[in-house]
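Undergrad: my questions are about this predicted structure, shown below with the sequence.
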Amino acid sequence: MGSGLFYDRISPMALHMTLRRARKCSPSISKLAVATRVYVQGLHRFGPGKADLLHWIEQTGSLAEAARKMEMSYMRAWRLVRELQASLRTPAVVLARGRGESGGAQLTVTGRELLAHYRELKKEVQACAKEHGAWMEDYFLPVESAGKE
């Protein structure tokens, strides 16, 4: 846990559901999954959901289109951006009202840097999980037999 600024946490049920959904898409998925979420001073979470939202805002230039790509409501996406903005020293996203040329969403320098740092952290966490995954799997029942007694 090093500096205490971030923790990787996922509940057993969330892991189980993540693996179930992932196996539907890719039967050859690794047995071990780790979700990377960042906590600063116990607050201001940043994890895969907000990172994906920033990614799609960057790709589409639109909060509405980013929400559609993530299959979430516009209101939920807007709340996530608002929550993120409230937790940062400088904004990660600039939103402009309107349609077409007058409206849209763009990442700021802060948003691009935050996303890049998160992606790097995620790569490092995944590499560490891969290294330690073999012995971790020895402690758990296979998903098919977990909970059956």
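TA: Everything's here; your move.

Undergrad: ranges for the strands of this protein?
TA: Under the criterion DSSP state E, strands of the chain are mapped to 6-7, 37-40, 43-46, 93-96, 104-107.

Undergrad: Ala67 is nearest to which of those?
TA: Nearest to Ala67, of all the strands of the chain, is strand 104-107, at 10.2 Å by C-beta to C-beta. Every C-beta, even on glycine, is put in place using the N, C-alpha and C of the backbone.

Undergrad: buried ones in the closest one?
TA: 104-105, 107 (16 or more other C-beta atoms under 10 Å).

Undergrad: equivalent analysis for stretch 115-127, please.
TA: Going by neighbour count (16+ other C-beta under 10 Å), the buried part of stretch 115-127 is 115, 118, 121-122, 126.

Undergrad: quick one: the closest residue to Arg97 other than its chain neighbours from Gly61, how far?
TA: Leaving out its chain neighbours, the residue that sits closest to Arg97 by C-beta to C-beta, 6 or more residues apart in numbering is Gly103, at 5.7 Å. Using C-beta to C-beta, to the nearest Å, we find Gly103 at a distance of 9 Å from Gly61.
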